[in-house]
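Engineer: Sequence below, structure please.
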Amino acid sequence: MAPTREVYSYDYAADFGLSGLAGTLCARATLRLDEPVALCVAESEAEDDYRLGADVRLLLDSALPDEVLHTVWLAAVRRCFDPAGEGTDTRAWLDRVAELCPPRAPERDPFEERSLEASRPVVPEEELREAVAAEIEAASAGLELRVAVPGAGQALHRVVREVDADLGFRLFLRVLKAYSVPVEAGTFDRLLAIGDLLAHPRAAVQEGLSVRWRPLDPGCRDLVPGRFGLPMLAGALHGTDLPYAGVAHEAIRQVAADGLGHVPGAYAAVLLDDVWRLLDSALPDEAIGLLWRTASGRLHVVGEEEFDVDGRAWLEQVSEVCHAHLAEVDPAYAPFLSPARTDLTEPVLREVREAAHADAEPVRGAARVLEDVVTAVDPDLGFRLLVHILATYDVPVTGDRRDRYRAIAAHLGFAADHLDDQLPEAADVA
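Structural biologist: Have a look, this model is predicted:
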């Protein structure tokens with residue numbers, strides 16, 4: 001029977017519990033800490049982190065010998081605080097930490113408790129142990145080479161097998177981070193999947209991990225959330241009547257920012273890919289402006305001072321922000337256009353032409369430009385803009401037509417939520 005697990009992503013934005021304390025100590029230590037300082041940090045952490053006390057008591061209640069606890073602790077904090085150096089053993093140190101922590105988690109509001117119940121992870125402990133133990137085993141060579149604490153891998157194995165797999169997983173991640181053990185992209189994907197399974201905040205897995213990322217690919221389409229690139233930027237600025245361009249530039253930076261779980265620069269590369277296609281196209285400036293204003297719901301915003309009064313000039317600004325972000329996160333990356341998906345020209349063109357009969361006049365106006373995007377720029381970009389514009393103006397897509405949209409999205413490699421998160425059903429439209 002699976003144990004009752006918490007929805008950690010609800011309570012925490014980053015690492016937490018004993019692994020979180022170890023990370024905080026590592027971050028604050030230039031050389032080594034003494035016990036009073038370490039206890040002061042622990043007391044501060046315990047005020048807002050109910051999991052710290054629970055983690056410590058799991059270890060104290062276990063049958064693990066002190067040398068195993070000592071090894072795990074030293075590895076997790078990168079030797080910045082060693083209880084043995086203070087003349088005490090690790091159990092005694094953990095006892096002192098436990099005394100600073102509340103005896104149990106605070107009670108939740110009944111409504112809050114009910115709302116979280118459906119989101120609780122259901123993962124059998126033995127299944128989790130096998131998954132985490134396999135990752136520790138796979139990392140054994142890196143742990144042995146990088147971690148300046150002999151036997152760290154074996155000690156982490158024992159925490160997973162004999163105490164708690166969730167705690168063992170978090171301590172394993174902390175050791176990888178503490179000693180900058182390189183993690184291959186495939187391994188990172190598996191670690192992130194385990195974290196997702198346990199409802200950990202993604203930052204608890206990724207932040208501080210030394211990942212050997214795959215090369216940036218502007219043709220990547222399985223980004224989460226489903227919306228990305230130019231449609232995502234249009235959504236971020238939807239309907240706004242902005243008094244100055246600084247707000248628009250901040251929206252570009254947010255859309256280009258790196259999503260947790262993806263290669264740094266992935267969102268910026270995809271956005272730049274969209275922008276370059278339109279800038280390099282033969283579409284008239286007026287057509288680009290109409291397409292952007294329709295997608296962003298800004299057709300009603302007029303004035304020579306508007307940041308996007310010139311569609312091409314606005315896209316040049318977007319390009320500059322993307323270039324700056326990519327230069328920061330991946331200086332070696334040379335932007336390039338991904339191959340256009342011309343194999344889907346006819347299926348996408350069919351849907352654009354059908355959308356030209358929509359009741360919403362802005363959709364009909366944009367459909368003429370979208371035809372040119374599909375035939376002369378890229379069917380992928382044309383399809384994503386079509387989906388976004390239909391959603392913006394609450395145009396339902398149902399029945400066989402919706403099935404065709406799903407088939408196109410699948411061929412393009414979109415995440416499962418790309419359509420269902422956006423396209424309204426007839427019943428959803430007022």
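Engineer: Quickly note the distance from residue 223 to residue 208.
Structural biologist: Noted for residue 223: a distance of 22 Å to residue 208, by C-beta to C-beta, to the nearest Å. For every residue, glycine as well, the C-beta is placed using N, CA and C.
Engineer: typo on my end, it should be residue 69
Structural biologist: Using C-beta to C-beta, residue 69 is found at 23 Å from residue 208.
Engineer: Any idea how far apart the tips of stretch 391-406 sit?
Structural biologist: End-to-end distance for stretch 391-406: 15 Å, by C-alpha to C-alpha, to the nearest Å.
Engineer: where exactly do the helices run in the stretch 101-250 of the chain?
Structural biologist: 110-117, 125-138, 140-146, 152-162, 165-178, 185-197, 202-206, 229-236, 245-256 (DSSP state H, counting those that start in this stretch).
Engineer: just checking, what packs against the second one?
Structural biologist: This points to helix 125-138. Packing partners of helix 125-138 (3 or more C-beta pairs under 8 Å, 6 or more residues apart in numbering; DSSP states H and E): helix 152-162, helix 165-178, helix 185-197.
Engineer: Now do the contacts for residue 310.
Structural biologist: Applying C-beta atoms under 8 Å, 6 or more residues apart in numbering, one finds that residue 310 lies in contact with 285, 289.
Engineer: So the residue nearest the centre of the chain: helix, strand or coil?
Structural biologist: For the chain, the residue sitting closest to the mean C-alpha position, by C-alpha atoms, centre = their mean, is residue 260 at 2.5 Å. Secondary structure assignment for residue 260 (DSSP: H, G, I helix; E, B strand; the rest coil): coil.
Engineer: Please read off the pLDDT at it from the model.
Structural biologist: Looking at residue 260, its pLDDT reads 85.
Engineer: Pull the number of nearby residues for the closest residue to it other than its chain neighbours.
Structural biologist: Closest residue to residue 260 apart from its sequence neighbours, by C-beta to C-beta, 6 or more residues apart in numbering: residue 202 at 3.9 Å. When neighbours are counted by other C-beta atoms under 10 Å, residue 202 registers 17.
Engineer: Residue 211 versus residue 202, what's the distance?
Structural biologist: From residue 202 to residue 211 the distance is 13 Å (C-beta to C-beta).
Engineer: repeat for residue 107
Structural biologist: For residue 107, the distance to residue 211 - C-beta to C-beta - is 38 Å.
Engineer: neighbour-wise, which of these two wins?
Structural biologist: Shown here are residue 107 and residue 211; by other C-beta under 10 Å, residue 211 has more neighbours (18 against 8).
Engineer: Wait, the more buried one touches residue 180, no?
Structural biologist: No: look at residue 211 against residue 180 with C-beta atoms under 8 Å: they stay out of range, at 10.7 Å.
Engineer: right, and residue 413 touches residue 228 too?
Structural biologist: No: the pair residue 413 / residue 228 is not scored as a contact, 12.0 Å apart, by C-beta under 8 Å.
Engineer: How about the contacts made by residue 152?
Structural biologist: Under the criterion of C-beta under 8 Å, 6+ apart, the contact partners of residue 152 comprise 71, 72, 75, 143, 175.
Engineer: what about stretch 51-58, distance to the chain center?
Structural biologist: Offset of stretch 51-58 from its chain centre (C-alpha atoms, centre = their mean, to the nearest Å): 27 Å.
Engineer: Alpha carbons only: can I get it in PDB?
Structural biologist: Extracted C-alpha coordinates of stretch 51-58, given in PDB (Å, rounded to 0.1, in the frame of the first residue of the first chain):
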ATOM      1  CA  ARG A  51       9.200  18.900   6.500                       C
ATOM      2  CA  LEU A  52      12.600  19.500   8.200                       C
ATOM      3  CA  GLY A  53      11.500  18.000  11.500                       C
ATOM      4  CA  ALA A  54       9.800  15.100   9.700                       C
ATOM      5  CA  ASP A  55      13.000  14.300   7.700                       C
ATOM      6  CA  VAL A  56      15.200  14.500  10.800                       C
ATOM      7  CA  ARG A  57      12.900  12.200  12.800                       C
ATOM      8  CA  LEU A  58      12.900   9.700  10.000                       C
END
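Engineer: Where does the nearest residue to residue 362 once chain neighbours are set aside sit: helix, strand or coil?
Structural biologist: Leaving aside its chain neighbours, residue 362 sits nearest to residue 294 (5.1 Å; criterion: C-beta to C-beta, 6+ apart). Taken by three-state DSSP, the conformation at residue 294 corresponds to helix.
Engineer: tally of neighbours for residue 294?
Structural biologist: Residues near residue 294, counting by other C-beta under 10 Å: 24.
Engineer: Same check on residue 94?
Structural biologist: Residue 94: 21 neighbours (other C-beta under 10 Å).
Engineer: again, but for residue 319
Structural biologist: Around residue 319 there are 17 residues (other C-beta under 10 Å).
Engineer: State the distance from it to residue 390.
Structural biologist: Note on residue 319: its distance to residue 390, by C-beta to C-beta, is 26 Å.
Engineer: For residue 214, grab the count of nearby residues.
Structural biologist: By other C-beta under 10 Å, neighbour count at residue 214 equals 15.
Engineer: same deal with residue 355?
Structural biologist: For residue 355, using other C-beta under 10 Å, the count is 22.
Engineer: next one: phi and psi at the spatially most distant residue from the centre of the chain?
Structural biologist: Distance to the chain centre peaks in the chain at residue 87, reaching 42.7 Å (criterion: C-alpha atoms, centre = their mean). Backbone torsions of residue 87, given as degrees, to the nearest 10, read phi 80, psi 20.
Engineer: so for the strand or helix carrying residue 272, what's the average pLDDT?
Structural biologist: In the assignment (DSSP states H and E), residue 272 maps to helix 266-279. Across helix 266-279, the average pLDDT comes to 96.
Engineer: which stretches of this structure have low pLDDT?
Structural biologist: For the chain, applying pLDDT under 70 flags the ranges 1-2, 29-31, 224-226, 239-246, 303-305, 421, 424-430.
Engineer: Output the longest helix belonging to it.
Structural biologist: helix 311-329 (DSSP state H).
Engineer: Residues in contact with it: which ones?
Structural biologist: Contact with helix 311-329 is made by 216, 233, 245, 248-249, 252-253, 256-258, 264-265, 268-269, 271-272, 275-276, 278-279, 285-286, 288-293, 307-308, 333, 335, as judged by C-beta under 8 Å, 6+ apart.
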